[in-house]
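Structure for this input, please:
(chains A and B)
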Amino acid sequence: MTPGAETAAFWSRLIDLSLLTMLVLVAYTMLRSRHLFAIVMLSGIYSLLSAALFVSLDAVDVAFTEAAVGAGVSTVLMLGAMLLTVRREKTQRLGRASLGIAVVALVGAALIYATTAMPAFGDPAAPANSYIGAVYMERTAAEIGVPNVVTAVLASYRGFDTLGETMVIFTAGLGVMLLLGPGSGRGGRSVKDRPGKDEAP
Amino acid sequence: MSIEHLVLRVVIKILFAPILLFALYVQFHGDYGAGGGFQAGVIFAVAFILHALIMGLDETKRVLPAAALKAMMVVGFLFYAGTGAATMLLGGNLLGYDAIAPNSDHNEGQHYGILLVEFGVGMAVASTMLMIFYQFAGREPEIRDEDW
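Residues are numbered from 1 along each chain as shown, chains lettered A, B, ... in the order given. As a prediction, the model looks like this:
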């Protein structure tokens, strides 16, 4: 390995590590916080950090979607939903916390153990990089002729899938309209009741 | 009459057009770089959401009424499905874009097909996102200042 490549590898590892550390910190803060506004904002930050992580994994299309949908629209929609409820999460008595911790630790350990069997990142023999993925990479230039293979797979090879996805989004919009809109039980009128007395000042 | 959030109002007025332009760039540049209909639709919706957050939802509804969004949701999805139906009528498979320009030697049909369905996706996603936002935001009059 040349010295230049070694330095680049060092820096990219450092960036990955700091991003992952920040993800864990943000997730922990979200768990500890009871202030819903702070949690919504932190979830936006979490999405933005994961988008940065996707960029460092060279998955720019995924990163783009995560930044636009996760950090952008979801945060605003969560804010909109938050306004319809109280501002602070109710504290609840935790019974049998030790049992929960044991289950979480067990499942977590199993998952971490499973990652050791996963192929290394960028491994050419990994299932994601061989079989159909490699076929798409080979054929796109001749069959579709667009430089971005992701778009070729999304819109052409898997065009029928994307049709279904568009319908899912349409259906989601329809569902929200039926639940909250003019056709719903409340008739789309705005909520007048103020947050209840269990809201902390 | 005093103007609330003056700085934010000026900023969104400056940013509104560039955000829409960026959405169009992402929309039509999806074959060459990152992006496509989904991302472009979300960015397009975000411009109007920002407008609604700062100017108030009623102001945004004057620009883009909910009835228009309802139509856009349907038209966007049907645009995609219609492209599939059109390729079938032209003698190809469902969404087999080569039927659009069968005699092309540089995949012209694929390029047209991808542009058409991405346009449908962008329209459906943008209008659906905005519609969901309208429904949520329309239920409470305003975000009170002390909630921020």
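
and residue 14, how many neighbours?
The chain I'm using is chain A. Residue neighbour count, defined by other C-beta atoms under 10 Å in any protein chain shown, stands at 10 for A:L14. Where you see a C-beta, it was placed from the backbone N, CA and C, and this is true even at glycine.

sorry, should have said chain B
Applying other C-beta under 10 Å, we find 9 residues neighbouring B:I14.

how would you label it: helix, strand or coil?
For B:I14, the secondary-structure state derived from DSSP: H, G, I helix; E, B strand; the rest coil is helix.

A:V86 looks like it's in a strand, true?
No - when classified by three-state DSSP, A:V86 is found to be coil rather than part of a strand.

phi, psi of it?
Backbone torsions for A:V86, taken as degrees, to the nearest 10, come to phi -80, psi 170.

That one and A:A38: what is the separation?
Between A:V86 and A:A38 the computed distance is 14 Å (C-beta to C-beta, to the nearest Å).

Model confidence score at residue 95, please.
Looking at chain A here, since you left the chain open. We note a pLDDT of 70 for A:G95 in this prediction.

Chain B, not that one
You'll see B:L95 listed with a pLDDT of 85.

Assign it to helix, strand or coil.
Going by three-state DSSP, the secondary structure assigned to B:L95 is coil.

ok, now which ones touch residue 28?
Here I'm looking at chain A. A:Y28 makes contact with no residue, according to C-beta atoms under 8 Å, 6 or more residues apart in numbering or on different chains.

actually it's chain B I care about, not the one you picked
B:L115.

confidence score at it?
89.

Equivalent analysis for the one 5 residues further on, please.
In the predicted model, B:G33 carries a pLDDT score of 80.

which SS state does it fall under?
Following three-state DSSP, B:G33 is assigned to coil.

So it is in contact with A:V150, correct?
No - with contacts defined as C-beta atoms under 8 Å, B:G33 does not count as touching A:V150, sitting 9.9 Å away.

In terms of neighbours, single out the busier of the two.
Set B:G33 next to A:V150 and count neighbours by other C-beta under 10 Å: A:V150 wins out with 20 against 16.

where's the more buried one, which helix or strand?
A:V150 belongs to helix A:149-151 when elements are defined using DSSP states H and E.

what about the residue nearest to B:H5 when sequence neighbours are not counted, which helix or strand?
Taking C-beta to C-beta, 6 or more residues apart in numbering or on different chains, and ignoring the residues beside it in sequence, B:H5 has B:I54 as its nearest neighbour in space, at 5.9 Å. Following DSSP H and E, the helix or strand that holds B:I54 is helix B:37-55.

Cool, thanks, signing off.
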